[in-house]
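>>> just to be clear, the model below is a prediction. Sequence and coordinates:
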Amino acid sequence: MLKYIDVLKFVNHGNPVARQRVVKTPEEWRAVLSPEVYEVTRLKGTERAYSAAMCSSFEPGLYACACCGTLLFDGREKFDSGTGWPSFTQPIEPGAIAYENDRSYGMRRIEALCSTCDAHLGHVFPDGPPPSGLRYCMNALSLNKIETPFEKAVLGGGCFWCTEAIFKELKGVETVESGFSGGAIANPTYREVCSGRTGHAEVVQVTFNPAEITYEDLLRIHLSTHNPTTPNQQGADVGTQYRSIILVSNNDQRRSAEKVLAEMQAIFDRPIVTEIKQLEAFYLAESEHQDFYLKHPEEGYCQAVIDPKLAKFRMLFATSRK
Ligand SMILES: [Zn+2]
């Protein structure tokens, strides 16, 4: 989870890396945006307070950049700030938003921009509700609300090259991303996590359609395809970053995790040590760690460790595969 100190760090020492960039000329933006959206997003305008129905809507859903469509906020982080602008306590992921000092109008504020296309969104202030204490004060014109059938699961079971390769093969799974979660520092690098000092685990973020595969089935497959009884270890990989962990984003997920762990204990001789932890943030790993198995099937680690795991998974869960 980002806090104000992290935002200050981004402003002063550089923003998190965007997954992708969208760059257009002013003329190109003008051609695809309404004049109102262009004024706010490309010319740093501000809409009138209470001008948008989005302020008082708290239905579930995701919010995307009005210019480039990148997902920026989850409706679960939206709160009623009473300001007349839609307000959120946290971006959908740490790299979604970029931050700049804004000294216009004789004020000192921190501007929030879309990391992908530099659209002006609004400002971020340190007077939001706990636990983040942040208030992303947004222009409704900068955002489009999207209804989505997808949910996310964040799971760790040792090296993420392995877990990613397994979950990618499942029906109902839309995307699998490798990253870090469960530790203390914002935006860690692979090298920092490997030191074992950040407290993060190597995890995958699985975006899935619950109409096709349930969260509980994902957990059952997770617990069947790594060893959840070895503390801080998977085979030859030893360290807290390799611990077995389920990061839950709400109480429903927590109840499901507790239920599946209790149920799966019956098939293990030794106690399951899988940690259930509240998800605070998922940090995407560097691009060279995404799709590692697909890109490097000939690597020694892939052949010695991932191939046998995948073979076991394919046998056990043949009917669940794409
Ligand atoms: Zn954008």
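Everything's here; your move. Residues are numbered from 1 along each chain as shown.
>>> need the residues of the chain near the ion, please.
Within the chain, the positions lying close to the ion (CB under 5 Å from the ion) are 65, 67-68, 70, 114, 116-117, 119. Bear in mind the C-beta positions are built from the backbone N, C-alpha and C, glycine included.
>>> so which of those residues wins on neighbours?
Comparing the residues of the chain next to the ion by number of neighbours (other CB atoms under 10 Å), Ala119 comes first, having 27 neighbours.
>>> ok, for the closest residue to the ion within the stretch 151-300 of the chain, nearest residue in space, not its chain neighbours?
Of all residues in the stretch 151-300 of the chain, Leu284 sits closest to the ion, at 17.0 Å by CB to the ion. Leaving out its chain neighbours, the residue that sits closest to Leu284 by CB to CB, 6 or more residues apart in numbering is Gly179, at 4.6 Å.
>>> so is that neighbour in a helix, a strand, or just coil?
strand (DSSP: H, G, I helix; E, B strand; the rest coil).
>>> isn't it right up against Gly156?
No. Gly179 is beyond contact range of Gly156, at 9.8 Å (criterion: CB atoms under 8 Å).
>>> spit out the residues that contact the two alike.
Where contact means CB atoms under 8 Å, 6 or more residues apart in numbering, the residues bridging Gly179 and Gly156 through contact with each are 202-204.
>>> and Pro228, how far is that from Met264?
Computed with CB to CB, to the nearest Å, the distance linking Pro228 and Met264 is 8 Å.
>>> now the common contact residues for these two.
For the pair Pro228 and Met264, residues contacting each of them under the criterion CB under 8 Å, 6+ apart are Ile272.
>>> quick one: contacts for the closest residue to Tyr293 other than its chain neighbours?
If you skip the residues right next to it in sequence, Tyr293 has Ala165 as its closest partner in space, 3.9 Å away by CB to CB, 6+ apart. Shown in contact with Ala165 (CB under 8 Å, 6+ apart): 292-294, 306, 309-310.
>>> and if we set it to 7 Å?
Taking CB atoms under 7 Å, 6 or more residues apart in numbering as the criterion, Ala165 is in contact with 293, 306, 310.
>>> in which helix or strand would I find it?
Assigned by DSSP states H and E, Ala165 belongs to helix 160-167.
>>> same check on Val273?
Take DSSP H and E as the rule and Val273 turns out to sit in neither a helix nor a strand.
>>> per-residue confidence at the residue of the stretch 151-300 of the chain closest to the ion?
The predicted local distance difference test score for Leu284 is 92.
>>> that older thread, the more surrounded of Gly179 and Gly156?
Relative neighbour count places Gly156 above the other of Gly179 and Gly156, with 29 against 26, counting by other CB under 10 Å.
>>> bridged to the more buried one, which residues?
Beta bridges link Gly156 to Ile245, judged by DSSP bridges.
>>> wait, it touches Val206, no?
No. The pair Gly156 and Val206 does not pass the contact test of CB atoms under 7 Å, sitting 11.4 Å apart.
>>> host element of Lys309?
Assigned by DSSP H and E, Lys309 belongs to helix 307-316.
>>> can you list contacts of that helix?
For helix 307-316, using CB under 7 Å, 6+ apart, the contacting residues are 162, 165-166, 224-225, 321.
>>> out of those, which are buried?
By neighbour count, with 16 or more other CB atoms under 10 Å, those hold 162, 165-166, 225 as buried.
>>> how far away from the center of its chain is stretch 315-322?
Taking the mean of its C-alpha atoms, stretch 315-322 sits 27 Å from the chain's own mean (CA atoms, centre = their mean, to the nearest Å).
>>> what do you get for stretch 125-135?
Here the centre of stretch 125-135 is set off from its chain's centre by 19 Å, with CA atoms, centre = their mean.
>>> got the buried residues for that stretch?
Residues of stretch 125-135 classed as buried by neighbour count (16+ other CB under 10 Å): 125, 128, 132-135.
>>> just stretch 274-284 next, same as before
Counting neighbours by 16+ other CB under 10 Å, one finds that the buried residues in stretch 274-284 are 274, 277, 279-284.
>>> show me where the stretch 51-200 of the chain has helices.
When secondary structure is read from DSSP state H, counting those that start in this stretch, the stretch 51-200 of the chain shows helices at 160-167, 190-194.
>>> for Pro149, find the nearest of those.
Checking these against Pro149 by CB to CB gives helix 160-167 as the closest, at 17.8 Å.
>>> measure how that closest one sits relative to helix 307-316, angle-wise.
What separates the directions of helix 160-167 and helix 307-316 is an angle of 20 degrees, with axes from the mean of the first three to the mean of the last three CA atoms, to 10 degrees.
>>> could you give the mean pLDDT of helix 160-167?
The predicted model gives helix 160-167 an average pLDDT of 96.
>>> what of stretch 60-71?
With pLDDT averaged residue by residue, stretch 60-71 scores 93.
>>> residues in contact with it: which ones?
When contacts are taken as CB under 7 Å, 6+ apart, the neighbours of stretch 60-71 outside the stretch itself are 22, 29, 33, 37, 41, 72-76, 92, 96, 114, 116-117, 119, 141-148.
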